[in-house]
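A.B. asks: Build me a structure from this.
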Amino acid sequence: DQRNFPDEFKVERTVRRDDNGELLRWPHEYSKEIKLLVVHHTAIPVTGDTRPGVEKVRALYAYHADNRGWGDIGYHYVVDDAGQIYEGKSGGDFVVGGHAYCHNVDTIGIALLGNFEIEKPTQAQMKSLQWLLYYLVGKYQLDMSKTTEYHGANFPPIVGHGDLLKTDCPGYYVKATLDQVRTNVIKGD
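C.D. replies: Model (predicted):
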């Protein structure tokens, strides 16, 4: 909570205009470091949805950017059911997203398209998730052999949304695999 850990809510810098000088609807704030990679699901079922992944991501963008008024997707990355990885929140390295209430600074949010309380993620999604996590662990120099102190608690560098807040996200079928996902990331699988 912000009262107990005020330094963990501070951003390094804020950018209010894009490269063309246009005012951003959601200013870019930047973390000093990345401590956690947070796995989510979008909670919207994809089973039976025949739209291509890019169309599903455009719908997610419309929901976050326009319906909610954020101006962008809250997650940093989105992985569709075919395993394609998309950039979510624009702004580059260390940009603060909007994926876990009071847990956005110093974290990266990765969402899998689907509702994993009622459907299972595809093998392609899980392989892409693991590849992306492996890449981000290296990029942000996270030590998978140690826990990270964050908001007064210790966490492995890769967590599910429900590890930070009271929520079912990333869903039963993904939450149950996170230990194996961490092991695979350590092994580079």
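A.B. asks: give the contact list for Val159.
C.D. replies: Listed by C-beta atoms under 8 Å, 6 or more residues apart in numbering, the contact partners of Val159 are Leu36, Leu37, Val38, Val39, Leu178. Using the backbone N, CA and C atoms, a C-beta is placed for each residue, glycine as well.
A.B. asks: and the gap between the first one and Leu142?
C.D. replies: To Leu142, Leu36 is 8 Å away according to C-beta to C-beta, to the nearest Å.
A.B. asks: What is the neighbour count of Arg68?
C.D. replies: As a burial measure, Arg68 scores 11 neighbours (other C-beta atoms under 10 Å).
A.B. asks: what does Pro170 give?
C.D. replies: As a burial measure, Pro170 scores 30 neighbours (other C-beta under 10 Å).
A.B. asks: how about the longest helix seen in the chain: buried residues?
C.D. replies: For the chain, the helix with the greatest residue count under DSSP state H is helix 123-139. By 16 or more other C-beta atoms under 10 Å, the buried positions in helix 123-139 come out as Gln125, Met126, Ser128, Leu129, Gln130, Trp131, Leu132, Leu133, Tyr134, Leu136, Val137.
A.B. asks: Quick check: neighbours shared by Leu36 and Leu142?
C.D. replies: Common contact partners of Leu36 and Leu142 (C-beta under 8 Å, 6+ apart): Thr148, Pro157.
A.B. asks: hey, where'd the strands end up in the protein?
C.D. replies: For the chain, the strands defined by DSSP state E occupy 13-17, 23-30, 36-41, 77-79, 85-87, 107-112, 148-150, 153-155, 158-160.
A.B. asks: re earlier: please tell me which one of the contacts of Val159 counts the most neighbours.
C.D. replies: The most crowded member of the contacts of Val159, judged by other C-beta under 10 Å, is Val39 (29 neighbours).
A.B. asks: my read: that one touches Met126, true?
C.D. replies: No - counting by C-beta atoms under 8 Å, Val39 stays clear of Met126, with 10.5 Å between them.
A.B. asks: joint contacts of these two?
C.D. replies: Residues touching both Val39 and Met126 (C-beta under 8 Å, 6+ apart) are Val181.
A.B. asks: State the distance from the residue most central in space within the chain to Asn184.
C.D. replies: In the chain, the residue lying closest to the centroid (C-alpha atoms, centre = their mean) is Gly109, at 1.3 Å. Gly109 is 20 Å from Asn184, where distance means C-beta to C-beta.
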